[in-house]
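J.: Sequence and predicted structure are below.
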Amino acid sequence: MSIVKKPKALSKWYLPGILSGMGFTFKKLVTNLFNPKAMPTLNYPEEHYQYGPRFKGNHVLTVKKDGSLRCTACMLCATNCPADCIKIVASEHEDPTVEKYPISYEIDMLRCVFCGFCEEACPVDAIRMGPEWQTPALNGSNFIYDIQHLAYRPNLKGGIQSRLDDEERHKAGI
Amino acid sequence: MLKCKINGKEVEVPEGTSIIEAFKLSGQDIAHYCWHPGLSVAGVCRLCMVEIEGQPKLQIACNTQVQDGMVINNNSETVKDVVRWGLDFHLINHPLDCPICDQAGECGLQDQYMQFGKYTPEMAERKVKKRKVVDLGPTVVLDTERCILCSRCVRFTDEVSKTHELGIFNRGDRSEIGTFKDRPLDNKYSLNTVDICPVGALTSKDFRFRQRVWYLKTAESVCPGCSTGCNVNVYYNEEGLWRVRPRYNAEVNGHWMCDEGRDTYKFVNRKARLLEARVGHKDSWQSEAPGSAAKQAGVKLKEVLESEGPESVALVLTGQYTTEEYEAAIGLFQSELNSTLIYHWVNNPESFEDFDGLLLRGDKNPNTKGLLQALEQAGIDRPWQDLLDRLKAGSIKTLVVAGPENQSVFPDQLEKLEMFKEVENLIWLTAGPVEGLEHRAKPTWQIPLKTYIEKAGSFVNHQGLKQSFQVGTIVVSSALTLAEAVTLLAGQELELSAQDQILQQNRKKNFFTETRGAL
């Protein structure tokens, strides 16, 4: 949409506009020099903006108490995903109480639209969206996150534990 | 014929029809688990309750026969309440396994819970825990917690397969399905129990956890596993085929199919297929596009034909292709190459006439009858010995073999390859790579063909029943059908069908023009 503004009479003259503009710039320069904390901008690479803990950024796969994946590979997140970016390969677990688990869980972050539907679809609190959002990489393949990255990347410090506990659930008769 | 009224709709049914069958005939919904049209009546799930005018209490529709003038309904509040409670009782001990359950998406409990669910469970007691992941045999896994004891599988082994492996053990809420000691569920029809299980208690080892059913599309086809020609539904996605299940046909297979037939998806998937034509011999093999390889082979064939005469070219056919392909191949061979040396490769002559009394037949080709009919139509009747004599005499210079699609039922393939060893040029048309052909010392063409699910056509089964089927999905798009391959071999050009032409034009324009509106 373009708005056509008719030039005002004053702007026909070159200097008044330039001078008032430069005056504003110098005023800001001086205030920023003497009171840098009032600046609304951040010095980006050195300073990061801290979003709230509920910010829905990069995905995290939660783990159980023993550190294994909480995910049961039910594929509801993949089914619900509007961007079709989750790819899961399920397999049979040797423990009959676990039964099914993912041997591969990949999220293509370049396709992801961060809608959070995967988190909502998950019946076992296995996938969450964490506060991380600045994750640059050198090439496209680095944006396909696998289990190792989603659940055990270094800044998660051994993985985030799920609220659900299997033993408690079995005791409760679920 | 008896007249009755179902939910206000006049229905006429033959004598001896049960109410539930009358519901099905009139096209109305009725909740049920244990009743199956192919099995006897058990009446254990108590879900198909109906109200019959003049009777004080509700009756089960599966075990009550229709009488003249009956007025039946299942949409009154009483019936609905009873079904709701019945379903709630089924769910008392049913675990919340849906995320890891293979049946999710096609589960009777899920479907009917949406319709008749109480949604507010009133059970305070804990669920009874039972055995999970019980290995029943080579094909089936049992989860006793999920079982609602409808006894369909037990009745199947008692009545259809007559192997009596399964039974219900213990009493009350501790009752569970199981096998007897030292007698696993191991028969040739065991996977039918998985199909008829309305919940996820019985799951197929072959399909378990491989795919979620809602990702799969279905195509109707005919099983190529043997000459019975069971009607099947094939489940596929863009990666290929995942499973085969029976489709009801009263004349051929009823509700069932054998376990062997369920493996017929394996040779169709890309892993087991020849993706490109292989041209050359033992020391040098080259990959080529199927079409151009067939054309090259055709040029060679013509050369040999001109120098050696029509008696130098022979065609060997197996019973694995469609009738239409046979007619085209035999016709082209006779008209274009002037050769009548066409032979029928019988894979297992000793057990050809075998029949196990239910579905399985010894003739492991879907279309032997169709081939024999096509040969008879063309007036060709040449015994196998004739080919052997000619091979021995060395008069056949070029041999075209339409090899088996399903190589696992051709145990004599290597033996036959040994027989064809001395032929100057061998053109082998096949769906999958042929073991042993790599070591052939003389010029060979391996040309990839399409499988049964990738082409339209018809099979003539052992009864002489002609069953047509359509293209389900395409797994290897560059592969040729037998008819196309023989057309190219005969030096003719392929004609694009109108549909193909439109598709090709669309593809040229833009991908999005095809899928607009679906995005």
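T.: Received it, and whenever you're ready, just let me know what you need. Numbers count the residues shown, from 1 in each chain, chains lettered A, B, ... in the order given.
J.: Go through stretch B:449-459 and flag the buried ones.
T.: Neighbour counts using 16 or more other CB atoms under 10 Å in any protein chain shown place B:449-455, B:457-459 of stretch B:449-459 among the buried residues. All C-beta atoms are positioned from the backbone trio N, CA, C, and that covers glycine.
J.: so what's B:Val279 bridging to?
T.: With DSSP bridges as the criterion, B:Val279 is bridged to B:Gln286, B:Trp445.
J.: So it is in contact with B:Ser292, correct?
T.: No. In terms of CB atoms under 8 Å, B:Val279 does not count as a neighbour of B:Ser292; the distance is 9.4 Å.
J.: Just want to know which of those two has more residues nearby.
T.: Between B:Val279 and B:Ser292, counted using other CB atoms under 10 Å in any protein chain shown, the more crowded position is B:Val279 (20 against 12).
J.: Neighbours of the closest residue to B:Glu176 other than its chain neighbours, how many?
T.: The shortest distance from B:Glu176 to any non-neighbouring residue, by CB to CB, 6 or more residues apart in numbering or on different chains, is to B:Thr144 (4.1 Å). Using other CB under 10 Å, B:Thr144 has 22 neighbouring residues.
J.: can I assume B:Thr144 sits in a strand?
T.: No. With DSSP: H, G, I helix; E, B strand; the rest coil as the criterion, B:Thr144 is coil rather than part of a strand.
J.: and it, what does it touch?
T.: B:Thr144 makes contact with B:130-132, B:134, B:176-178, B:201, according to CB atoms under 8 Å, 6 or more residues apart in numbering or on different chains.
J.: give me phi/psi at A:Ile107?
T.: When read as degrees, to the nearest 10, the backbone of A:Ile107 gives phi -120, psi 130.
J.: Which residues does it form beta bridges with?
T.: Here A:Ile107, judged by DSSP bridges, has bridge partners A:Ile86, A:Tyr145.
J.: before we move on, the earlier item: chain A versus the residue nearest to B:Glu176, what's the distance?
T.: For B:Thr144, the distance to chain A (CB to the nearest CB, to the nearest Å) stands at 11 Å.
J.: Model confidence at B:Glu438, what's the number?
T.: If you check B:Glu438, the pLDDT there is 87.
J.: From what I see, it and B:His281 are in contact.
T.: No. Contact criterion CB under 8 Å: B:Glu438 and B:His281 do not qualify, at 9.5 Å.
J.: Next up, the contacts around the most centrally placed residue in chain A.
T.: Centroid-nearest residue in chain A: A:Gly57, 1.4 Å away (criterion: CA atoms, centre = their mean). Contacts for A:Gly57 were tallied using CB under 8 Å, 6+ apart; they are A:51, A:114, A:129-133.
J.: Next, format those residues as JSON lines and append secondary structure.
T.: Listed next are the contacts of A:Gly57 as JSON lines, based on three-state DSSP:
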{"residue": "A:Tyr51", "secondary structure": "coil"}
{"residue": "A:Phe114", "secondary structure": "coil"}
{"residue": "A:Met129", "secondary structure": "strand"}
{"residue": "A:Gly130", "secondary structure": "coil"}
{"residue": "A:Pro131", "secondary structure": "coil"}
{"residue": "A:Glu132", "secondary structure": "coil"}
{"residue": "A:Trp133", "secondary structure": "coil"}
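J.: From B:Ala42, how far off is B:Ser151?
T.: 5 Å (CB to CB, to the nearest Å).
J.: Kindly report the same for B:Ala456.
T.: With the distance defined as CB to CB, B:Ala456 ends up 41 Å from B:Ala42.
J.: now swap in B:Gln112 and tell me
T.: 18 Å.
J.: what do you get for B:Tyr189?
T.: For B:Tyr189, the distance to B:Ala42 (CB to CB) stands at 19 Å.
J.: Then A:Cys122?
T.: Distance from A:Cys122 to B:Ala42, by CB to CB: 38 Å.
J.: again with A:Gln148
T.: On the measure of CB to CB, A:Gln148 and B:Ala42 end up 51 Å apart.
J.: the more surrounded of those two?
T.: Each of A:Gln148 and B:Ala42 has its neighbours counted (other CB under 10 Å); B:Ala42 has more, 18 against 9.
J.: Provide a list of residues in contact with the more buried one.
T.: B:34-35, B:62, B:150-152, B:155.
J.: elements contacting the strand or helix carrying B:Arg243?
T.: Counting by DSSP states H and E, the element that carries B:Arg243 is strand B:240-246. Strand B:240-246 sits against helix B:192-196, strand B:231-237, helix B:259-262, with contacts defined as 3 or more CB pairs under 8 Å, 6 or more residues apart in numbering or on different chains; DSSP states H and E.
J.: how far out from the middle of the chain is the worst-scoring helix or strand of chain A on mean pLDDT?
T.: Within chain A, judged by mean pLDDT, DSSP states H and E, the helix or strand with the poorest mean is helix A:166-171; its value is a mean of 72. Between the centre of helix A:166-171 and the centre of its chain there are 31 Å (CA atoms, centre = their mean, to the nearest Å).
J.: ok, residues contacting that helix?
T.: The contact list for helix A:166-171 (CB under 8 Å, 6+ apart) reads A:64, A:97, B:129.
J.: Tell me the secondary structure at the last one.
T.: Assigned by three-state DSSP, the conformation of B:Lys129 is coil.
J.: Neighbours of the nearest residue to it once chain neighbours are set aside, how many?
T.: For B:Lys129, ignoring the flanking residues on the chain, the nearest one in space by CB to CB, 6+ apart is B:Glu145 at 6.9 Å. A count of neighbours around B:Glu145, defined by other CB under 10 Å, yields 18.
J.: and what of the one 5 residues further on?
T.: In terms of burial, B:Cys150 registers 25 neighbours under the definition other CB under 10 Å.
J.: B:Leu387: what secondary structure?
T.: helix.
J.: Specify the beta-bridge partners of the residue lying closest to it once chain neighbours are set aside.
T.: Residue nearest to B:Leu387 in three dimensions, not counting chain neighbours: B:Tyr343, with 4.7 Å by CB to CB, 6+ apart. On the basis of DSSP bridges, B:Tyr343 is bridged to B:Val316.
J.: which phi and psi does A:Val63 have?
T.: The phi and psi values for A:Val63, taken as degrees, to the nearest 10, are phi -120, psi 160.
J.: Now for it: which residues touch it?
T.: Contacts of A:Val63 by CB under 8 Å, 6+ apart are A:69-70, A:151-152, A:158-162.
J.: Please repeat the previous calculation with a cut-off of 10 Å.
T.: A:69-71, A:126, A:151-152, A:156, A:158-162 (CB atoms under 10 Å, 6 or more residues apart in numbering or on different chains).
J.: No further questions, thank you.
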